[in-house]
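> Pasting the sequence and the predicted coordinates here, then a few questions.
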Amino acid sequence: MLLSYLVPAFLASAMGVAKLVPPGFVTTNGVQFELDGEPFAFVGSNSFWLPLLLTETDVRNTFGQMKSQGVKVVRTWAFNAINSSELHQTPVETGLTYYQVWEDNDWILNEGSQGLERLDTVLEIAAEFDMRLILTFTNNWVGYGGMELYIDHILPGASTHDIFYTDEEMIASYQRYVRTIVERYKDSATVFAWEMMNEARCLGDLPSGPDCSAQSRTIPNWYKLQSDYIRSLDPHHLITTGGEGHFNWDNSTLIDDYNFNGEAGEDFDYDLTFENVDFGTYHLYPQSWYPDGNFPLGGGAEGWGLFWIQAHANSAKKVGKPVVLEEFGVTPQSNQTLIYPSWVQLALDTKHGIMPWQFGALGLTEDGGNRLLKYTDALVDGASPNDGYAVYKNETAVWNIFKNAAKIQDAA
């Protein structure tokens, strides 16, 4: 019975036959995305904070600004989890968005006005602007209730991060949440893709265990398991990893480099071969990854970034699947103006999806435009959260890099 509906989806992926999926659903055809049988190239952006907004007015305002830049795809969190102790710290008064509430070894779902109704609103307004969303199911990091909440509650006192990928109870709990989100939105053409996790690694806020690496296949096996599970729930939408694109290369020059030696846990080349991983994702933060400025292969942050982009393009081409530069950033703004044009041009030349971290919205009005969302993420004078990477419309030089790239794609 399972194979009877998986086969058409597989054939659609392999043959690029868009008519085998519902109208308006994005598909793949070799190394390119397609929409209703036509090429679908895109500049997108990241906005994890969209479901944290309180008003439809501000959500609509944000999508309007995205549209003016040429954004077609937006990546946002489909997770917001809290401990039950947080639930008793006046969440109604603070406007906290939460979908899961953890207590003891399990969680309950919040489908109410501060819960999944907010994600519903984001999807509804995205559809008004003909935009599509990549929805991410959990986070490698603690922020907004990542995978270590599963660890903390199911195996309290566990000493390693990677237990999440192999513990049967955690896998079942994660899949129960995935099923909730997929079944809620699987008929929506607004969903571009399901994403298994943001930046899966062997380590997180907890350290890695000694047996987790790309060579041991801990994360690749988890990607395979979860992508097959998601496909069993939804034969039509695209599925991806959300990974940073770490390689597992046997290269003496890079043997001590975390991004290349498999220590992070991913194996980009191998992970992309899985039948139900429809396209590759990777991230690019050279200043954070090489804080001493000692970039392998030389060339500084810009040159190293160009190497990283080309390497992922080469890998995706070998497998015959699309690839998305899903997050990237440098600081300060002067470096963005200097470096982004060459990165974006190479991404255009190699048929990437292009999604900078992160979108900056202006003119937000809730609470007078000043509101602490959570942690240090806040609206300040009407501007959305800024971690140093946000790109706002009044930063014309940087804003136009992406606006012009979208025009080039549309003209192709």
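Looks like it arrived, so ask away. Everything numeric here is computed off the predicted structure, so don't read it as measured data.
> Tell me the buried residues in the longest helix seen in the chain?
Longest among the helix segments of the chain by residue count, using DSSP state H, is helix 300-319. Within helix 300-319, the residues that count as buried by 16 or more other Cβ atoms under 10 Å are 301-302, 304-309, 311-313, 315-316, 319. C-beta: built from backbone N, CA, C; applies to glycine.
> Give me the contacts around that helix.
Outside helix 300-319, the residues within contact range by Cβ atoms under 8 Å, 6 or more residues apart in numbering are 31, 245, 247, 259, 268-269, 272-273, 279-280, 282, 284, 286-287, 290, 293, 295-297, 299, 322-323, 325, 328, 330, 335, 338-339, 342-343, 346-347, 350-352.
> What are the boundaries of the helices in the stretch 201-350 of the chain?
Using DSSP state H, counting those that start in this stretch, the helices of the stretch 201-350 of the chain run over 218-233, 268-271, 286-289, 300-319, 333-349.
> for stretch 264-272, what is the average pLDDT?
Per-residue pLDDT over stretch 264-272 has a mean of 98.
> Now tell me what touches it from outside.
Stretch 264-272 is contacted by residues 162, 200-202, 208, 212-214, 217-220, 223, 241, 243-248, 258, 277, 280, 282, 312, 315-316, 318-319, 321 when judged by Cβ under 8 Å, 6+ apart.
> Give me the buried positions along it.
Across stretch 264-272, burial judged by 16+ other Cβ under 10 Å covers 264-272.
> would TSV of those residues with distance to residue 406 be doable?
Formatted as TSV, the buried residues of stretch 264-272 follow (distance: Cβ to Cβ, whole Å):
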residue	distance to residue 406
264	31
265	34
266	29
267	32
268	26
269	29
270	32
271	28
272	26
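> Select, out of the helices of the stretch 201-350 of the chain, the one closest to residue 94.
With respect to residue 94, and counting by Cβ to Cβ, the nearest of these is helix 286-289 at 29.9 Å.
> Buried residues in that closest one, which are they?
Buried residues in helix 286-289 (16+ other Cβ under 10 Å): 286-287, 289.
> out of these, who's nearest residue 384?
Using Cβ to Cβ, the shortest approach to residue 384 within the buried residues of helix 286-289 belongs to residue 287, at 22.0 Å.
> Please name the residues that touch the closest one.
Residue 287 sits in contact with 301, 330-331, where contact means Cβ under 8 Å, 6+ apart.
> Distance of it relative to residue 391?
Separation of residue 287 from residue 391 (Cβ to Cβ, to the nearest Å): 16 Å.
> just residue 382 next, same as before
Counting by Cβ to Cβ, the gap from residue 382 to residue 391 is 16 Å.
> Those two: which has the busier surroundings?
residue 391 (21 against 16; other Cβ atoms under 10 Å).
> Pretty sure that one sits against residue 336.
Yes. If you go by Cβ atoms under 8 Å, residue 391 and residue 336 touch, sitting 7.4 Å apart.
> Is there a neighbour count for residue 76? I'd like the number.
By other Cβ under 10 Å, neighbour count at residue 76 equals 23.
> Check the gap between it and residue 106 for me.
In terms of Cβ to Cβ, residue 76 sits 25 Å off from residue 106.
> same question, residue 153
7 Å.
> Settle it for me: which of the two has more neighbours?
Using other Cβ under 10 Å as the criterion, residue 153 and residue 106 rank with residue 153 on top: 19 against 13.
> and that one, which of the three is it?
The assignment at residue 153 comes out as helix when based on DSSP: H, G, I helix; E, B strand; the rest coil.
> tell me the contacts of it?
When contacts are counted by Cβ under 8 Å, 6+ apart, residue 153 touches 102-107.
> Which pLDDT does the model give residue 253?
Here the pLDDT value assigned to residue 253 is 84.
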